[in-house]
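[1] Attaching a predicted model along with its sequence, questions to come.
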Amino acid sequence: EVQLVESGGGLVQPGGSLRLSCEASGFAFSDYGMAWVRQAPGKGREWISAINPSGFTTKYKDAVLGRFAISRDNAKNTLYLQMDNLKPEDTAVYYCAKLRGTNVDFVDTGEWTDWGQGTQVTVSP
């Protein structure tokens, strides 16, 4: 059974930073692309970043490019999202997601097969 457990969310002031983690189990983590997806209040889920199995290829939505950094540690079966210079519009529930395969472009068509329970990120003065 695939399990994805996110952590690291919280309340932060604009301009602040948070680091999200996602511990994966139940599948061969190093064989799959992974992504971070968020859902803001009243909106649908949107992908914000993806990474291929080796970690050498990454992809970002324009809204977070230059502020967020995705990474992974295959030895620890863990996915990370470093978020800097946070803005109020980043407020959302953040989910990690297992992609259908290795290609980061799967996020463009919403091809993630599993996701975790999410962690709340709130950016407010």
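    Yep, it's here.
[2] Who does the residue most central in space within the chain form a beta bridge with?
    The centre of the chain sits closest to residue 36, judged by C-alpha atoms, centre = their mean, with a distance of 2.0 Å. Applying DSSP bridges to residue 36 yields these beta-bridge partners: residue 49, residue 96.
[3] That one against residue 45, yeah?
    No: judged on C-beta atoms under 8 Å, residue 36 makes no contact with residue 45 at a distance of 10.7 Å. For glycine as for every other residue, the C-beta is placed from the backbone atoms N, C-alpha and C.
[4] I'd like the average pLDDT over stretch 21-29.
    If you average the pLDDT over stretch 21-29, you get 97.
[5] likewise stretch 65-82?
    98.
[6] quick revisit: now do the shared contacts for residue 36 and residue 45.
    residue 95 (C-beta atoms under 8 Å, 6 or more residues apart in numbering).
[7] Count the neighbours of residue 62 for me.
    7 (other C-beta atoms under 10 Å).
[8] List the buried residues for the helix or strand that contains residue 122?
    Using DSSP states H and E, residue 122 maps to strand 119-123. Neighbour-count burial for strand 119-123 flags 119, 121, 123 (criterion: 16 or more other C-beta atoms under 10 Å).
[9] just stretch 78-98 next, same as before
    Those would be 78-81, 83, 86, 90-98, for stretch 78-98 by 16+ other C-beta under 10 Å.
[10] same check, this time on stretch 64-72
    By 16+ other C-beta under 10 Å, the buried positions in stretch 64-72 come out as 64, 68, 69, 70, 72.
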